[in-house]
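Undergrad: Next one to model:
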Amino acid sequence: MAISIKTEEQIEKMRSAGKILVELDKILKEHIKPGVTTIELDHIAEKFIKGCGAIPSFKGYGGFPGSICTSVNEQVVHGIPSKRKLIDGDIISIDMGSIIYGFNGDCARTYGVGDISPEDQKLIDVTKQSFFEGIKFAKAGCHLFDISAAVQEYVETNGFGVVRDYVGHGIGRNMHEDPAVPNYKQHKRGPKLSRGMCLAIEPMVTAGTYEVEVLDDGWTAVTRDGKNAAHYENTICITDGEPEILTI
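TA: Next up is the predicted model:
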């Protein structure tokens with residue numbers, strides 16, 4: 001495993017990529033309403049990212065057809081934008097990425113569409129908070145899998161499941177770099193964290209079983225029991241103190 005350490009100049013470029021996604025999140029919130037299609041959201045995202053002089057990092061990545069991933073209800077990750085119309089009560093997870101000055105930013109949010117159930121709101125809230133529980137250990141001198149254990153403990157204490165098949169990752173010049181960052185406890189504590197390491201921490205949480213399967217499109221991962229899932233991700237940088245979140 002080769003974990004790259006970023007220079008301050010490189011981190012500044014990643015801040016620029018992250019700021020684009022912060023603004024995109026605000027724009028998408030305004031458009032996520034009953035009746036909008038996921039392909040319309042994709043077009044909005046692509047236009048905005050390109051308008052910032054950046055590249056949508058998901059577009060064509062491994063053959064993925066969209067500029068963002070749009071995963072609705074039981075879809076966990078990698079949902080392909082389509083003519084599907086969102087309806088009142090849906091939840092939608094959007095994974096978004098940008099490349100500018102040769103460096104990546106990556107984040108994900110789950111949004112409610114119209115009026116959602118209290119159960120789905122709790123799922124969204126717990127997923128988001130599990131990220132913040134995890135990054136309490138994202139400090140120089142801590143170990144990588146301390147983050148993983150903290151995410152799992154918080155999620156399961158609240159009665160939800162943590163997906164095992166998909167994990168977070170290092171990030172920088174490439175969207176996916178070493179190390180892999182699981183959202184569940186490992187047998188070891190993992191490598192020690194150092195200033196300049198940049199990570200995409202992304203809990204994927206389910207209302208039922210953590211088991212998932214991939215649809216025939218080869219991309220969309222769904223919960224095996226058909227219950228809803230949520231996704232929350234930010235790009236962070238390890239510092240000498242609290243981690244810097246580049247996508248908030």
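Undergrad: ok, then the element right after the lengthiest helix in the chain?
TA: For the chain, the helix with the greatest residue count under DSSP state H is helix 8-31. Scanning forward in sequence from helix 8-31 by DSSP states H and E, the next helix or strand is helix 38-51.
Undergrad: List of residues touching that following helix?
TA: Here helix 38-51 makes contact (Cβ atoms under 8 Å, 6 or more residues apart in numbering) with 20, 23-24, 27-28, 31-32, 55-56, 59, 66-68, 70, 72, 79, 81-84, 86, 92, 94, 96, 98. C-beta coordinates here come from the backbone N, C-alpha and C atoms, glycine included.
Undergrad: Just the ones in strands from the residues you listed, please.
TA: If you go by DSSP state E, the contacts of helix 38-51 have 55-56, 68, 70, 72, 92, 94, 96, 98 in strands.
Undergrad: need the contact list for the residue nearest to residue 101 when sequence neighbours are not counted.
TA: Computed as Cβ to Cβ, 6 or more residues apart in numbering, the closest residue to residue 101 that is not its neighbour in sequence is residue 13, at 4.1 Å. Residues near residue 13 by Cβ under 8 Å, 6+ apart: 100-103.
Undergrad: Most neighbours out of these, which is it?
TA: residue 103 (25 neighbours; other Cβ atoms under 10 Å).
Undergrad: distance of that residue from residue 12?
TA: 9 Å (Cβ to Cβ, to the nearest Å).
Undergrad: if we can go back for a sec, I'd like the ones in strands among the contacts of helix 38-51 written out as TSV, with distance to residue 152, pLDDT and neighbour count added.
TA: Formatted as TSV, the ones in strands among the contacts of helix 38-51 follow (distance: Cβ to Cβ, whole Å; pLDDT from 0 to 100; neighbours: other Cβ atoms under 10 Å):
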residue	distance to residue 152	pLDDT	neighbour count
55	34	98	19
56	31	98	23
68	27	98	27
70	26	98	29
72	25	99	21
92	24	99	24
94	24	98	26
96	25	98	26
98	29	98	30
